[in-house]
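pasted the sequence and its predicted model underneath.
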Amino acid sequence: MRVAATLAILAAMTSAAFAGGGFEIVIPGRPGVPIIINGVDASYAVVEGDWGLGKGTHVEPTIYGGRYIDPVPRVGHYYPSAGRMPGYGRLEIEPPANRRLPQPAESYHQSWSAQSAPLPAQSNVPVDPPEIIYAPQDYRRGPHNFPR
């Protein structure tokens, strides 16, 4: 009976080691932040063969339902040297050279400064000095001057 119980416990303990061979469904920890595995967005996809830290070998995972992510996003660029107008943005209009100029702006000047407040006059002796407190003499221990 003891041998059967020991074998049952041993089988139950070792079966957990074989549990990592299945598949995983990837759920991001934060919404809107993708999980990228080898250039594929694996958010809410099925990943098979991802061993993680369980084994010392590297296994290439298979991702079912992921979307390919371009590592360099293809955005439109505007190069003025090409001689073409941009597809979107502000439309710059160069004014003619012989146009009437606006009135010049009035002059404006502003400055700031900082300084310390003047100190009050100080006297060397305080006007209301503290009272002098004499320490009591303790003669219980005997005289402090010993004969030589």
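Received, thanks. Residues are numbered from 1 along each chain as shown.

alpha carbons only for contacts and neighbour counts from here, please
Will do.

what sits against residue 35?
By Cα atoms under 8 Å, 6 or more residues apart in numbering, the contact set of residue 35 is 26, 28, 41-43.

nearest to residue 91, of the residues you listed?
The shortest approach to residue 91 among the contacts of residue 35 belongs to residue 41, at 37.7 Å (Cα to Cα).

just give the number of residues close to that closest one.
Neighbour count for residue 41, taken as other Cα atoms under 10 Å: 19.

and residue 26, by the same measure?
If we define neighbours as other Cα under 10 Å, then residue 26 has 15 of them.

so what's it closest to, chain neighbours aside?
residue 44 (5.1 Å; Cα to Cα, 6 or more residues apart in numbering).

list the contacts for that neighbour?
Residues counted as contacts of residue 44 (Cα under 8 Å, 6+ apart) are 25-28, 66.

and of those residues, the nearest to residue 37?
residue 66 (9.3 Å).

which of the contacts of residue 44 has the most neighbours?
residue 66 (19 neighbours).

hmm, that one is touching residue 41, no?
Yes - at 5.4 Å, residue 66 counts as touching residue 41 under the criterion of Cα atoms under 8 Å.

mind listing what residue 25 touches?
So residue 25 contacts 44-47 (Cα under 8 Å, 6+ apart).

among these, who's most crowded?
residue 47 (20 neighbours).

isn't there a helix covering that residue?
No - assigned with DSSP: H, G, I helix; E, B strand; the rest coil, residue 47 falls outside any helix and is strand.

now it: how far from residue 67?
13 Å (Cα to Cα, to the nearest Å).

what do you get for residue 45?
Distance, residue 45 to residue 67, by Cα to Cα: 9 Å.

with residue 28 instead?
15 Å.

got the CA positions of stretch 65-72 in PDB?
C-alpha atoms of stretch 65-72 as PDB (Å, rounded to 0.1, in the frame of the first residue of the first chain):
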ATOM      1  CA  GLY A  65      -3.400  34.600 -35.600                       C
ATOM      2  CA  GLY A  66      -0.700  37.300 -35.200                       C
ATOM      3  CA  ARG A  67      -0.200  40.300 -37.500                       C
ATOM      4  CA  TYR A  68       3.200  41.200 -39.100                       C
ATOM      5  CA  ILE A  69       4.600  44.500 -37.800                       C
ATOM      6  CA  ASP A  70       6.900  46.500 -40.000                       C
ATOM      7  CA  PRO A  71      10.000  47.500 -37.900                       C
ATOM      8  CA  VAL A  72      10.400  50.700 -39.900                       C
END
